[in-house]
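Q: Sequence and predicted structure are below.
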Amino acid sequence: MSSFIHENAIVSPKAKIGADCYVGAFCVVGENVVLGDRVRLESHVVIEGSTVIGDETQVFPFVSIGLAPQDLKYGGEETATEIGKRNHIREFVTIHRGTAGGGGLTKIGDGNLLMAQAHVAHDCRLGNEIIMANAATLAGHVEIADRANIGAYSGVHQYCRIGYEAFVGGYSVVVKDAMPFAVIQGNHAKCYGLNRVGMKRRGYSKETIEKLHHAFHLLLSAKLNTTQAVEKIKREISGSAEVDLLIEFIESSKRGVVK
């Protein structure tokens, strides 16, 4: 009863609307939609399918969430979209629900910023505190770890992973996995080493930064293949959770990593 729904909005009586929500003019909210507390839909927002949006998420005009994916294999099966808390989803963003072949769920975590015209395709999994700049585009089944940045007008190929705190420069085309803490850019994207500036800004110790810098030197500049570089990192660098994360990411990659 404490929520505001504009008289020109179309909200299914079966939708579940949390406390202190705002549903602006010309929004459409489907019957299987759940809005948490203090969710704000500014205007002209369309939310359909089995979609959950977490508390305090703000959705700007002309956003589409939870509609059928752009996948010719999709046959109308029941799938879902989950969006966490405190996200900012800007104008013209599109987020599609999952497919049966991809696990049936598109999932976005907490505290993310999706700038205007960004696209999140079916079965993508996004963590927390991610920034997708204007018109950044994810194909299906992409995974993005916490605190990563995807630059404007970049495209990420299906099934790729973007590692923890990775930075993808604008207008890039990513066809392999982007390593944690890395700076990658270009078409096709190449790795330009450790994101030292970003790590300093986020308060990492000098020791941690130097260990990761040495690890990236072995991976990119030491004339070693990836397997040889990883083995040398294991021998020469120890006692760093960040280096261990980097190694685990590389060893678990199915597409190979951007180098």
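A: Structure's in. What do you need?
Q: ok, now which ones touch the spatially most central residue of the chain?
A: The centre of the chain sits closest to residue 126, judged by C-alpha atoms, centre = their mean, with a distance of 3.6 Å. Residue 126 makes contact with 107-109, 112, 120, 143-144, according to C-beta atoms under 8 Å, 6 or more residues apart in numbering. No exception for glycine: its C-beta is placed from N, CA and C like everyone else's.
Q: What's opposite it in the beta bridge?
A: Going by DSSP bridges, residue 126 is paired in beta bridges with residue 108, residue 144.
Q: pLDDT wise, what is it at?
A: If you check residue 126, the pLDDT there is 98.
Q: roughly how far apart are it and residue 136?
A: Distance, residue 126 to residue 136, using C-beta to C-beta, to the nearest Å: 11 Å.
Q: neighbours around residue 194, how many?
A: For residue 194, the neighbour count with other C-beta atoms under 10 Å is 26.
Q: Wait, it touches residue 181, no?
A: Yes. With contact defined as C-beta atoms under 8 Å, residue 194 counts as touching residue 181 (5.7 Å).
Q: Any chance you could list residues touching both of those two?
A: Counting by C-beta under 8 Å, 6+ apart, the contacts common to residue 194 and residue 181 are 212, 216.
Q: Let me see the contact set for the closest residue to residue 87 other than its chain neighbours.
A: Closest residue to residue 87 apart from its sequence neighbours, by C-beta to C-beta, 6 or more residues apart in numbering: residue 57 at 4.4 Å. Applying C-beta under 8 Å, 6+ apart, we find residue 57 in contact with 36, 39-40, 83-89.
Q: One more pass at 7 Å, please.
A: If a contact means C-beta atoms under 7 Å, 6 or more residues apart in numbering, then residue 57 has 39, 83, 85-87, 89 as its contacts.
Q: Distance to residue 161 added to those residues, as JSON lines?
A: As requested, these are exported to JSON lines (distance: C-beta to C-beta, whole Å):
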{"residue": "39", "distance to residue 161": "29"}
{"residue": "83", "distance to residue 161": "20"}
{"residue": "85", "distance to residue 161": "23"}
{"residue": "86", "distance to residue 161": "24"}
{"residue": "87", "distance to residue 161": "21"}
{"residue": "89", "distance to residue 161": "22"}
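Q: Quickly name whichever of the residues you listed is closest to residue 166.
A: Residue 166 lies nearest to residue 87 out of those, by C-beta to C-beta, at 19.6 Å.
Q: Surely the closest one touches residue 109?
A: No. In this structure residue 87 lies outside contact range of residue 109 using C-beta atoms under 7 Å: 8.3 Å.
Q: pLDDT weak spots in this protein?
A: Low-confidence segments of the chain (pLDDT under 70): 1.
Q: Go again with 90.
A: Where the chain drops to pLDDT under 90, the residues are 1, 238-239.
Q: Same drill for residue 87 and residue 109, tell me which one is more crowded.
A: Between residue 87 and residue 109, residue 87 has the larger neighbour count (other C-beta under 10 Å), namely 24 against 21.
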